[in-house]
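what's the 3D shape of this:
(one chain, ligands or ions: 1)
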Amino acid sequence: MSASPFILLISGDGIGKEVIAEAEKIIHWLNDHHKTGIHTDTALLGGVAYDATGTPFPKETLEKAQKADAILLGAVGGPKWEALDYSVRPERGLLGIRKELGLFANLRPALCFDALADASTLKREVIAGLDILIVRELTGGLYFGEPKGVETLPNGEKRGFNTLTYTSSEIQRVGRVAFELAQKRGKKLCSIDKANVLESTELWRQEMIALSKDYPDVALSHMYVDNAAMQLVRNPRQFDVIVTENMFGDILSDCAAMLTGSLGMLPSASLGTKGKDGRQPALYEPVHGSAPDIAGQNKANPIATILSLAMLLRYSLDRGDLADLIEKAVTQTLADGYRTGDIMQPGMKQVSTTEMGDALVKAMNDQKQKGKAA
Ligand code: NAD
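A predicted model of the protein is given here:
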């Protein structure tokens, strides 16, 4: 980590501003108590950027993003901008920043906090202690492959088509990210494909096997996507890191996310290619959207954003120790019974967005005191 890492904070729309403000409290705490020297700046993206500048992705935001060690984003979008032309919708801003930074690997952890295990639709014994990480290829595969379209056949019938295509280098770069993450975790990587039916994923499997020779400490396994969907619900704890192509990852990561409860608890990261200077473009954001139904009401759960900050510390600033601290504070705060409305359970203390942020800071202070006493 550099002496003064630069985090760009992009609040975006709706509850974005509220949840990013709580993450800022944690950054201040880290600077005060761990001399992290993190400095921040802010930039506009999405609807608020359109309102201020006429574009959802201003040039100034790109320039700041390119200089940042990492970006922490709230959310974009909302009903106010739904009637706009697609080219200037808030979501264009998000797609634009991902594209400009070349973010090809999407990381979605599914972590079950013990205090919330009973809130899952699955039985406690299936999900207690769950800690898996899905690495999804983000810029290739069926969503981007050419040719694609809808054509009219000579007999008048319509035909829709998309192309599932991957090159070796596209597979290798996301594969390397996944192997390296597995090395930092439980050293198990499961590659998901449909190699029995789809040639492009047969190549996927071959490339993963070839890569595994560079990572002898990681145990590589393979699973067909239909079986993986079943196993995620049957016995999710068998997985450590999962790597898969874009569409399979889209579906499986939503499935895995819901094992652990509310959208308000789910962080994510998107990573690009490491430059010659060793810097890797990286954007961290909660999985949820801008939640217009509760925006401006101090009701949003800030934990997904704060856990995204923990991922940022772990993967971009190489401060896994501080990420652990934040995750422990979340565990403690939930165990103490604090809940925002989305994760409220009978007998617990319902708190606002700002109160949840304060409770997390208090839990970090308590841990520090305990550390001193020990
Ligand atoms: P959403 O995630 O914003 O909200 C879905 C439901 O979950 C709502 O009831 C909301 O109140 C609740 N919720 C979401 N986050 C919460 C939190 N942190 N705390 C408590 N409750 C929370 O999804 P949506 O309603 O489908 O979309 C709303 C807007 O967000 C749309 O404009 C959509 O395009 C945008 N969106 C943006 C992103 C992003 O920025 N990455 C992702 C998804 C949706």
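
same for the lowest-mean-pLDDT helix or strand in the chain, what does it pack against?
Every helix and strand of the chain was ranked by mean pLDDT, DSSP states H and E. The lowest is helix 246-259, at a mean of 89. Secondary-structure packing of helix 246-259 (3 or more C-beta pairs under 8 Å, 6 or more residues apart in numbering; DSSP states H and E): strand 105-111, strand 131-137, strand 188-193, helix 225-234, strand 241-244. Any C-beta I mention is one placed from the backbone N, CA and C, and that applies to glycine too.

repeat the analysis, applying 7 Å as the threshold.
Applying 3 or more C-beta pairs under 7 Å, 6 or more residues apart in numbering; DSSP states H and E, one finds that helix 246-259 makes contact with strand 105-111, strand 131-137, helix 225-234.

show me which residues of it are buried.
Applying a neighbour-count criterion of 16 or more other C-beta atoms under 10 Å, one finds 246-250, 252-253, 255-259 buried in helix 246-259.

now the helices and strands packed on helix 246-259 as TSV including distance to residue 303?
Below are those laid out as TSV (distance: least, C-beta to C-beta, whole Å):
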stretch	distance to residue 303
strand 105-111	11
strand 131-137	16
helix 225-234	22
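
next, count neighbours for residue 32.
Neighbour count for residue 32, taken as other C-beta atoms under 10 Å: 9.

check which helix or strand it maps to.
helix 16-34 (DSSP states H and E).

next secondary structure element downstream of that helix?
Next helix or strand after helix 16-34 toward the C-terminus (DSSP H and E): strand 39-42.

if we can go back for a sec, so is the least confident helix or strand of the chain next to the ligand?
No. Helix 246-259 lies apart from the ligand when judged by C-beta under 6 Å from any ligand atom; the minimum separation is 11.1 Å.

spell out which residues of the stretch 201-350 of the chain are next to the ligand.
So the stretch 201-350 of the chain meets the ligand at 263-264, 285, 288-294, 300-301, 304, 340, 342 (C-beta under 6 Å from any ligand atom).

which of the three states applies to residue 71?
The local conformation at residue 71, judged by DSSP: H, G, I helix; E, B strand; the rest coil, is strand.

what pairs with it across the strands?
In this entry, residue 71 is beta-bridged to residue 8, residue 283, by DSSP bridges.

so what's it up against?
With contact set as C-beta atoms under 7 Å, 6 or more residues apart in numbering, residue 71 has these partners: 8, 10, 65, 282-284.

if we use 10 Å, what do you get?
Taking C-beta atoms under 10 Å, 6 or more residues apart in numbering as the contact definition, residue 71 lies against 6-10, 43, 45, 61, 64-65, 97, 101, 103, 270, 281-285, 312, 316.

read off the pLDDT value for it.
Predicted confidence (pLDDT) for residue 71: 98.

how about the helices and strands packed on helix 246-259 in CSV, adding mean neighbour count and mean pLDDT?
Converted to CSV, the helices and strands packed on helix 246-259 look like this (neighbours: other C-beta atoms under 10 Å; pLDDT from 0 to 100):
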stretch, mean neighbour count, mean pLDDT
strand 105-111, 23, 94
strand 131-137, 25, 95
helix 225-234, 16, 96
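
name the residues of the stretch 1-150 of the chain found near the ligand, please.
Residues of the stretch 1-150 of the chain lying near the ligand by C-beta under 6 Å from any ligand atom: 15, 75-78, 91, 94.

and which of those is nearest the ligand?
Checking those against the ligand with C-beta to the nearest ligand atom, the nearest one is residue 77 at 2.6 Å.

the chain: helices as residue ranges?
For the chain, the helices defined by DSSP state H cover 16-34, 47-53, 59-67, 90-100, 124-127, 168-184, 199-212, 225-234, 246-259, 303-315, 320-335, 353-373.

give me the neighbour count for the closest residue in space to residue 145 that isn't next to it in sequence.
Computed as C-beta to C-beta, 6 or more residues apart in numbering, the closest residue to residue 145 that is not its neighbour in sequence is residue 163, at 3.4 Å. Residue 163 has 12 neighbouring residues, counting by other C-beta under 10 Å.

residue 238 contacts residue 227, correct?
No. The pair residue 238 / residue 227 is not scored as a contact, 11.4 Å apart, by C-beta atoms under 10 Å.

point out where the chain drops to low pLDDT.
1, 261, 374 (pLDDT under 70).

mind doing that once more with 80?
Low-confidence segments of the chain, defined by pLDDT under 80: 1-3, 260-262, 371-374.

tell me who's in contact with the residue of the chain positioned farthest from its centre.
The C-alpha centroid of the chain is most remote from residue 155, which lies 45.8 Å away (C-alpha atoms, centre = their mean). Under the criterion of C-beta under 10 Å, 6+ apart, residue 155 has no neighbours.

from the ligand, how far out is it?
According to C-beta to the nearest ligand atom, to the nearest Å, residue 155 stands 38 Å off from the ligand.
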